[in-house]
Every structure is written in structure tokens, then in C-alpha cells.
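A.B. asks: Just the structure for this:
(one chain, ligands or ions: 1)
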Amino acid sequence: MRLVVVGAGIVGSACAYTASSLGAEVTLIDAGWPGQATAAGAGIICPWTSGADDPGGYDFACAAAQAYPSLVAELADLGETDVSYRRSGAIVVADREDELEPVRAGLEAQRAGHPEMGDVQVVTGSAVQRLFPPLRPHMPAVHIPGAARVDGRKFRDALVRAACRKGATIRAGDAALVCRAGRAAGVLADRELIEADAIVAATGAWTTPFVEPAGVVVRVAPQRGQIVHLSLGSTDTREWPVVLPVGSGHYLLAFEDSRVVVGATREPGAGFDHRVTAAGLSQVLMEALTVAPGLGSATYLETRVGFRPEGPRACPLLGPVPGVTGLFVATGLGAEGLTMGPYAGGAAARAALGLDPGLDLAPFDPLRQ
Ligand SMILES: Cc1cc2nc3c(=O)[nH]c(=O)nc-3n(C[C@H](O)[C@H](O)[C@H](O)COP(=O)(O)OP(=O)(O)OC[C@H]3O[C@@H](n4cnc5c(N)ncnc54)[C@H](O)[C@@H]3O)c2cc1C
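C.D. replies: Numbering: from 1, shown residues only. Here you go, the predicted model:
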């Protein structure tokens, strides 16, 4: 079975890894365009606080978060031990304790169905600042021990290396879909036709133009996100939890190398404009320093910009494209794609190989409007 996977973000990398592990002859191709969401994403894995506006998307995200540890263990068995996944926990912080009550109650209500979120507790006083020292003093918090974080770049690279070890071929280049008589026949890259029995479009925010030659419309739009990386010198930030200020789309999280990541803008109207803007940078830093003034003396490292692939609803677009034999889509993961990506890529691989995808794909119709 010859499978071409277009897009080597977290979804395509996971798809290529799963498919090559299952014995397929896989080519993974990526254009390397600026704004890959995986390379910019913060890496928070905490689906229980995201609000269940689409039950299908929520259940999918929870299942994806639950599946992470076994994939991490699988990659470790293949020698990929530096994937940066850590169950760091998360704290939802607020100015007053009463603002946290709905959050605590909401999490508690979900707990029976999702024990992996751990024992949710309210934390007050200096205990909160001990968890994340730059925070403003006296902020109460709800602690979610089961939340995790991952560096999308490291995880993606580990998946690509693992896929290569299983025999996948990696190519750089812009792929154009080639269809013949209602069938996806391959992709054209560098004037060469790469023929395939199946093609997975893991093309993120660029999916709409990619599938156009098949005569179908997959509704995905880019939502720009600007996100700032800071360094705290030699401070040991490894175990710091993710910080989620209540009622805000902004957040803070930390990685091993004394790096604190603060974000992010959500800019649906910016198209594929891959620039750091004055307003974006100012918004992100202002929000972060309001919650964590202790970051004021941190060293500014960089601002990353990525395009979240936004579908019509907060629910993946995943599975075979109706009416086009051999074409599969795996995208639309929006602001939770680092959470859902490996799970979505795995399901897409199994579906494309004609195997049981491991879940009912009916709610994820790629042509959903
Ligand atoms: C600022 C920011 C913060 C985020 N924070 C989080 C978070 O905390 N938690 C979370 O779960 N998610 C987060 N996300 C969302 C997450 O990063 C994305 O949903 C996810 O990475 C999408 O992965 P993808 O593989 O679908 O797309 P991408 O990573 O964008 O990859 C798509 C790839 O396809 C390639 N491509 C497209 N068309 C073609 C073509 N024709 N030929 C060849 N290659 C092509 C592109 O070059 C690109 O590399 C965040 C995103 C951003 C931008």
C-alpha cells in the first residue's frame, strides 16, 4: 500500500509514523511554509477546561489527551526519549476565590468520566506562588494534576524520525493533488508525480486550496497566533504547571530549559500574514505580566507565529472525503491540535490503510459546512 501524507506538522508526522509502523510504503512531504502551527503551538494538553461547545470535539480531545502517555512510551521504546511531554499539571488562577467556584464545580462534574484529570483541588496563599513563582501574590487557583504540556517541535521531530526508522521517505516540497476520474491518484511535487493508493491531507490551515483539484470544499481557515518565549536564566522551571487565568484566552507555561512561553493572540482575520505585529506582541506581554509580574525581568527570546487550522466547528475534520476515492483529510484541530494531533494522525493512517480507525469517524465528515 503506497500512502502519501502531505504536511509534516504534528498530524502528518503522527500519520506517517502510524502508517509506516503498520507496514505501508509512506512518503511524507512538506512545503516548509512559514507559520506551521505545530512549530508555534504552546503545547498545553488540558481539554477539560476548554468548554464543551462541541461534544464530538470534546470527547475526541479527551481521548487524545488520554492516549498521549502510551505513544510517549512507544516512542521511548524506539529510542525517542526527548519528546518533552510532561504531566506538569495546570492551575486555573483568578483574583478571587469565588471566581474559581464555577471552574472547580465544572471540573468536578467531569471527573467521573475523565479520572485522568486527577484530583482537582483549590490552592490558596503562598502555595500557588510556590508552584509558579513569577505569579502575582495571593492569587487563588484550581489545581488540575492530570494536565500536561509538550513541545510540538520536539514531538513532531521524534515522530518523523520514528517514521523514517520504520521505512518512511521524507521529502521537502510543495505538493499538488492529482485526481483522475473521481480518484486521488497522487501528488505532483517538483514536477514529479508521486503515485499513491491513498493520500492523507494533513495540510493544516492550507487544506482548502490543497483539496481543490478534487472538486471539493474542505472549510478550514487560518487563525493567526503570536506567542512569546522568555528565558529565566538558570531557574529550574521544569516542574512548573501550566497557568490558565480564568476567563482569558491567554496562558503561561514552562519548559526544561528555563524557558517560559506566554501566549497567545487569536487573529482569525489575518490570513497567512506571517508577521509579528506591534499590537500582537504588546497584547501577549501585557496579559502575561499582569498575571505574572515576576516575568518582567526575564530575557526576551523570540516570538513565534503560527496558523491554527480552524474548521467550521470546534471539532476535527477527519476521514475519507465523500465522493473522492483514496483521499483522506486530517485537520481542523484549531487551538487544540497539539492535544489532538497524534490521535488524529493515527486514526487517519488506519482509515487510509483500510483498517478500523479505532473510533467512529461519522461526526468528523471533512466536507461538513
Ligand atoms: C500560537 C499557538 C498556540 C497553540 N497552542 C496550543 C496548545 O497549547 N495546545 C494545543 O493542543 N494546540 C495548540 N495550538 C494548536 C496546534 O498548534 C495546531 O492545531 C496543530 O499544530 C495543527 O497541526 P497540523 O499538523 O494540522 O498543522 P500544521 O502544524 O500547520 O502543519 C501543516 C503542514 O502542512 C504543510 N503543507 C500544507 N500544504 C502543503 C502542500 N500543498 N504541500 C506540502 N506541504 C503542505 C505546511 O507546510 C505545514 O508544515 C496552538 C497553535 C498556535 C498557532
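
A.B. asks: The residue in the stretch 1-150 of the chain that the ligand sits nearest to: how many residues sit nearby?
C.D. replies: Nearest to the ligand in the stretch 1-150 of the chain, going by C-beta to the nearest ligand atom, is residue 9, at a distance of 2.2 Å. The C-beta positions use only the backbone N, C-alpha and C, and glycine is treated the same way. Here the number of neighbours of residue 9 (other C-beta atoms under 10 Å) works out to 28.

A.B. asks: just to confirm, which helix or strand has residue 142 in it?
C.D. replies: strand 141-144 (DSSP states H and E).

A.B. asks: show me what contacts the nearest residue to residue 118 once chain neighbours are set aside?
C.D. replies: Closest residue to residue 118 apart from its sequence neighbours, by C-beta to C-beta, 6 or more residues apart in numbering: residue 145 at 3.4 Å. Residue 145 sits next to 87, 89, 117-120 when contact means C-beta atoms under 8 Å, 6 or more residues apart in numbering.

A.B. asks: re earlier: name the strands paired with the strand holding residue 142 and say parallel or antiparallel.
C.D. replies: strand 90-93 (antiparallel), strand 121-123 (antiparallel) (DSSP bridges).

A.B. asks: Let me know whether the helix or strand just after that strand sits next to the ligand.
C.D. replies: Using DSSP H and E, the next helix or strand after strand 141-144 towards the C-terminus is strand 148-149. No. Shown here: strand 148-149 not in contact with the ligand (C-beta under 6 Å from any ligand atom), separated by at least 7.6 Å.

A.B. asks: now do stretch 72-91
C.D. replies: No. Shown here: stretch 72-91 not in contact with the ligand (C-beta under 6 Å from any ligand atom), separated by at least 10.6 Å.

A.B. asks: what's the first-to-last distance across that stretch?
C.D. replies: 23 Å (C-alpha to C-alpha, to the nearest Å).

A.B. asks: again, but for stretch 302-321
C.D. replies: First residue to last in stretch 302-321 (C-alpha to C-alpha) measures 39 Å.

A.B. asks: Buried residues, it. List them.
C.D. replies: Residues of stretch 302-321 classed as buried: 303-311, 313-321 (neighbour count, 16 or more other C-beta atoms under 10 Å).

A.B. asks: Please apply the same query to stretch 234-254.
C.D. replies: Quick answer for stretch 234-254 (16+ other C-beta under 10 Å): 237, 240-246, 250-254.

A.B. asks: That one - what's its average pLDDT?
C.D. replies: The average pLDDT for stretch 234-254 rounds to 96.

A.B. asks: Identify all contacting residues around the helix or strand where residue 74 lies.
C.D. replies: Residue 74 belongs to helix 55-77 when assigned by DSSP H and E. Here helix 55-77 makes contact (C-beta under 8 Å, 6+ apart) with 14, 45-48, 50, 52, 81, 83, 85, 87, 113-114, 116, 148, 150, 158-159, 162, 313-316, 336, 339-344, 346, 359, 363-364.

A.B. asks: Quick check on those: which are buried?
C.D. replies: 14, 45-48, 50, 52, 83, 85, 87, 114, 116, 148, 150, 158-159, 162, 313-316, 336, 339-344, 346, 359, 363-364.

A.B. asks: so who does the residue of the stretch 201-350 of the chain found nearest the ligand touch?
C.D. replies: In the stretch 201-350 of the chain, no residue comes nearer to the ligand than residue 337, which is 1.8 Å away by C-beta to the nearest ligand atom. Listed by C-beta under 8 Å, 6+ apart, the contact partners of residue 337 are 9-11, 37-38, 41, 204, 308-309, 344.
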